[in-house]
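> 3D, please:
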Amino acid sequence: MSQFPQHKFHQKICTDQKKTRMISFSIIKHTTYEDAEHAQRVGERLERLQFENFDGQVKIPVFDFRVDGNEVVYQAEYIKGRQIKKDYMHVLKRELLERENPWTFTDVAPANFVMDTYHEGIRDGTAPIYAIDLDSYGYFPMRTTRIEKWNDKCERRGWYDLMIQDTETEINYDNRRLVGSSNR
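The predicted model follows:
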């Protein structure tokens, strides 16, 4: 990770008018798990995420990681911007909750997503939104599981109008088929 690929960063900030100096930022997250197996599973998810294609407004920052025993360390491009607010939750709903791929992010707390305020799309609401808690990416093929996690985050914030009422229609995004209704 010492040779972190600055040239691949999405944000490059020139600090002088002649553009002779470019600055970029990165952040390091170091997590120690109870056992090596858990750390290995997180590492497998991060490896998959490096090759994932999020082609909408939600983006993944450039990152690298290593697993060492029961520890996972990742270094990611630091996105200068601001935490998303309630008025951008529809983007997370569309691109993460309703994503047809069984692999997605389910921890949709606004603090886990940063809007790139240096992007020209900041004026019209189309600026990229970057996931910053990368280890919340995982395999969540069932719609009901995603909705439960979504509704939990919305309820904690008092955003009752964003909660999803249809919790019974089950879709398996792994097979992209309607599974049926659950009897709750």
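> what bits of this protein have low per-residue confidence?
The model of the chain has pLDDT under 70 over residues 1-16, 22, 167-168, 175-184.
> Now do the strands in it.
All strands of the chain, identified by DSSP state E, fall at 13-14, 22-23, 26-32, 58-59, 63-68, 71-77, 81-83, 103-105, 113-116, 129-131, 137-139, 169-172, 177-181.
> Contacts for stretch 25-33, please.
4, 11, 39, 42, 70-78, 80, 132, 134-135 (CB atoms under 8 Å, 6 or more residues apart in numbering). Yep, even glycine has a C-beta here, placed from its N, CA and C like the rest.
> I'd like the distance between I132 and T144.
Distance, I132 to T144, by CB to CB, to the nearest Å: 26 Å.
> ugh, wrong one, W150
Relative to T144, W150 is positioned 10 Å away (CB to CB).
> These two - which one has more neighbours?
Per other CB atoms under 10 Å, whichever of W150 and T144 has more neighbours is W150, with 22 against 17.
> thought the more buried one was touching Q165?
No. Using CB atoms under 8 Å, W150 makes no contact with Q165, being 11.7 Å away.
> Now do stretch 97-113: distance from first to last residue.
This stretch, stretch 97-113, spans 14 Å end to end (CA to CA, to the nearest Å).
> correction: stretch 156-170
Taking CA to CA, stretch 156-170 runs 24 Å from one end to the other.
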